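Asker: Make a model of this:
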Amino acid sequence: MDVNAAVAAAAAIAGVLTGVIAMLAFRWSEREQKRPTRTSLHTDPVLPPGVDTVLSVLRSSAVVLDEADAVVKASSAAYALGLVRGGKLAVEPMLQMARDTRRDGEIRQVELDLPRRGTGRGEALAVSARVAPLGSRLVLLLVEDLTEARRIEAVRRDFVANVSHELKTPVGALSLLSEAVMDASDDPEAVQRFAGRMQIEATRLTNLVQELIDLSRVQNDDPLEDAEPVRVDELVAEAIDRCRHAAGTKQITMAASIKGAEEPSEEGAGGRRAGAADLHVWGNRGQLAAALGNLVENAVNYSPARTRVGIAARRVGAPGGDMIEIAVTDQGIGISDKDKERIFERFYRVDPARSRATGGTGLGLAIVKHVVASHGGEVTVWSAEGQGSTFTLRLPEAGAARDRAEQVSARAERAGLDGEAGRPTTSPHTSPYETLPAPEVLP
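Answerer: Numbering: from 1, shown residues only. Model (predicted):
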């Protein structure tokens, strides 16, 4: 009996101990689950409320670092710039700024030039980095890409400097010539000679100012607001008339070739041949005429005497709709490979001496580039030194858009006749040009 009692007491004690141990283990497990771990510090719940939403709408690249310099949160732009790699901030100056801010709580800002990822050309990204504390343990890094802003600012500075230089030359010449006229007041022949030079410089100054105005207009205006179908043969004829006197002085022959497609003849109607009049482009007539005129004028100015300048236009197929190609070919001095990359820059001249002799301002091709781009097209150049050059404009054809509009109108008319209204939705006498949709402008 005593043995059985002892066994029962031992079992009871063992049960109590087991229960106590289980209870302690359960409490310890709960405490460990509630304790923050290193991995939990890297998850979104450690961010203050609302910060995640704010960071997602910021234009700047955002990186949030914890007390161990690990990345808690980073925007996709930060990865694209190469700021974050392998869960760590990869830019040492920014990392040092974050540590200093974490230590003293001060906001810091610095501008840096970072190597561009994936390029071996030594190009750099200009960025502005700003570091601020975020709560008690986190640090927020905001990085703004300044590369494009700096490039635009450099272009603006160069433009102002070039304009100042180009204006200074004719103005200075006019000042000197006016003094020469005053000194030669008793010499009629000298006065007449100096007056002729003054007229040339005044014309050069007027042309420069006018081209600056034209360039500003094509950069700021939307040419498709007042767009219309423009006949290609009329553009070519206007460009030839503009340069006819200069070409005649140098005995340069100008020839035009405009190829339209043949349309099938209608039986009983005699049929007709679609020629130059059937090629249309969609856009601002004045700007298109100025662009083509600049190309023809350059071809005449840079061609030697007794040569040939050709202007050819044709329709070519393209995935997004037919395009019109207008090519201007000369037999001039040609353009070197290094100059071909820069000829569309403002005030850039292949031969500055020849440009001064011909009155060129260096803005003609820049105007061509902007006009063609704003009309949804492109301009290309082929050239070989000593052989000549060919500039080609590719512009959306208005005829393709007109045909699509007519098909849509015809379907809508049939649907209207078959519908309850019993009348067409469009007038059959409406001009097809009024329903032409403008082509999409490329960025």
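
Asker: Show me where the chain has its helices.
Answerer: 2-34, 51-57, 76-80, 92-104, 147-183, 188-220, 232-249, 285-301, 337-340, 352-358, 364-374, 398-418 (DSSP state H).

Asker: For these, give me CSV that also has mean neighbour count and mean pLDDT.
Answerer: C-betas here are computed from N, CA, C, even on glycine. Below are the helices of the chain laid out as CSV (neighbours: other Cβ atoms under 10 Å; pLDDT from 0 to 100):
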stretch, mean neighbour count, mean pLDDT
helix 2-34, 9, 68
helix 51-57, 13, 77
helix 76-80, 15, 85
helix 92-104, 16, 90
helix 147-183, 13, 81
helix 188-220, 15, 82
helix 232-249, 18, 92
helix 285-301, 23, 91
helix 337-340, 12, 85
helix 352-358, 13, 55
helix 364-374, 22, 88
helix 398-418, 16, 55
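
Asker: Measure how buried Val72 is and give me the count.
Answerer: Residues near Val72, counting by other Cβ atoms under 10 Å, number 21.

Asker: ditto for Arg59
Answerer: 10.

Asker: what residues are up against it?
Answerer: For Arg59, the contact set (Cβ atoms under 8 Å, 6 or more residues apart in numbering) comprises Glu144.

Asker: Contact partners for Val218?
Answerer: Per Cβ under 8 Å, 6+ apart, neighbours of Val218: Gln287, Ile367, His370, Val371, Ser374.

Asker: Grab the nearest non-local neighbour of it.
Answerer: His370 (4.5 Å; Cβ to Cβ, 6 or more residues apart in numbering).

Asker: distance of that neighbour from Leu83?
Answerer: Look at His370 and Leu83: by Cβ to Cβ, to the nearest Å, they are 35 Å apart.

Asker: residues contacting Leu65?
Answerer: By Cβ under 8 Å, 6+ apart, the contact list for Leu65 reads Val71, Val72, Leu89, Ala98, Leu138, Val139, Leu141.

Asker: For those, pick the one with the most neighbours.
Answerer: Busiest of the contacts of Leu65 [other Cβ under 10 Å] is Leu141, holding 28 neighbours.

Asker: My read is that the residue nearest to Val218 contacts Asp214, right?
Answerer: No: contact between His370 and Asp214 fails when scored by Cβ atoms under 8 Å: they sit 9.5 Å apart.

Asker: Thr392 contacts Met323, doesn't it?
Answerer: No: counting by Cβ under 8 Å, Thr392 does not reach Met323; the two are 10.6 Å apart.

Asker: can you count the residues close to the closest residue to Arg231 other than its chain neighbours?
Answerer: Nearest residue to Arg231, sequence neighbours excluded (Cβ to Cβ, 6+ apart): His280, at 5.8 Å. By other Cβ under 10 Å, 25 other residues sit near His280.

Asker: still on that earlier bit, give me the more crowded residue out of Thr392 and Met323.
Answerer: More crowded of Thr392 and Met323, by other Cβ under 10 Å: Met323, with 21 against 16.

Asker: Who are the contact partners of the more buried one?
Answerer: Going by Cβ under 8 Å, 6+ apart, Met323 touches Arg315, Val316, Gly317, Gly377, Arg394, Leu395, Pro396, Glu397.

Asker: Give me the distance between the third one and Gly293.
Answerer: The span separating Gly317 from Gly293 equals 27 Å under the rule Cβ to Cβ.

Asker: Could you pull up the residues touching Thr329?
Answerer: Ala299, Val309, Gly310, Ile311, Ala312, Gly388, Ser389, Thr390.

Asker: Quick one: residues contacting the first one.
Answerer: Pointing back at Ala299 there. Contacts of Ala299 by Cβ under 8 Å, 6+ apart are Val309, Val328, Thr329, Asp330, Gly332, Ser389, Phe391.

Asker: and the two most separated of the contacts of Leu65?
Answerer: Leu89 and Leu138 (13.0 Å; Cβ to Cβ).

Asker: Skipping adjacent residues, who's closest to Trp382 in space?
Answerer: Nearest to Trp382 is Thr390, by Cβ to Cβ, 6+ apart, at 4.7 Å.

Asker: what's the burial count for the one you found?
Answerer: Thr390, neighbours per other Cβ under 10 Å, totals 18.

Asker: Just confirm it contacts Val381, I think it does.
Answerer: Yes: between Thr390 and Val381 there is a contact under Cβ under 8 Å: 7.1 Å.

Asker: Now, of the contacts of Met323, which are buried?
Answerer: Buried members of those, counted by 16 or more other Cβ atoms under 10 Å: Arg315, Gly377, Arg394, Leu395, Pro396, Glu397.

Asker: mind checking the longest strand of this structure?
Answerer: strand 124-134 (DSSP state E).

Asker: buried stuff in that one?
Answerer: For strand 124-134, by 16+ other Cβ under 10 Å, it's Leu125, Ala126, Val127, Ala129, Arg130, Val131, Pro133, Leu134.

Asker: Rebuild these as TSV, extending it with distance to Ala202 and pLDDT.
Answerer: Output for those, formatted as TSV (distance: Cβ to Cβ, whole Å; pLDDT from 0 to 100):
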residue	distance to Ala202	pLDDT
Leu125	47	84
Ala126	43	88
Val127	48	89
Ala129	53	91
Arg130	53	92
Val131	58	93
Pro133	64	91
Leu134	64	86
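
Asker: Can you tell me which of those is closest to Glu201?
Answerer: Nearest to Glu201 among the buried residues of strand 124-134, with distances taken as Cβ to Cβ, is Ala126, at 41.1 Å.

Asker: Identify the residue nearest that closest one in space, chain neighbours excluded?
Answerer: Leu146 (4.3 Å).

Asker: now swap in Thr307 and tell me
Answerer: Nearest one to Thr307, counting by Cβ to Cβ, 6+ apart, is Gln331 at 4.2 Å.

Asker: That neighbour contacts Val300, doesn't it?
Answerer: No: using Cβ under 8 Å, Gln331 makes no contact with Val300, being 11.1 Å away.

Asker: list the residues that contact both of those two?
Answerer: In the contact map built from Cβ under 8 Å, 6+ apart, the residues linked to both Gln331 and Val300 are Val309.

Asker: what's the spacing between the residue lying closest to Ala289 once chain neighbours are set aside and Gly293?
Answerer: Counting by Cβ to Cβ, 6+ apart, Glu238 is the residue found nearest to Ala289 once chain neighbours are left out, at 5.1 Å. As judged by Cβ to Cβ, Glu238 and Gly293 stand 7 Å apart.

Asker: Check Pro93 too.
Answerer: Taking Cβ to Cβ, one finds Pro93 at 53 Å from Gly293.

Asker: who wins for proximity to Ala255 among the helices of the chain?
Answerer: For the helices of the chain, proximity to Ala255 was assessed by Cβ to Cβ; helix 232-249 is nearest, at 9.2 Å.

Asker: what does the closest one contact?
Answerer: With Cβ under 8 Å, 6+ apart, helix 232-249 has contacts from 253-254, 256, 258, 276-277, 279-281, 285, 288-289, 292-293, 295-297, 300-301, 309, 311, 313, 324, 326.
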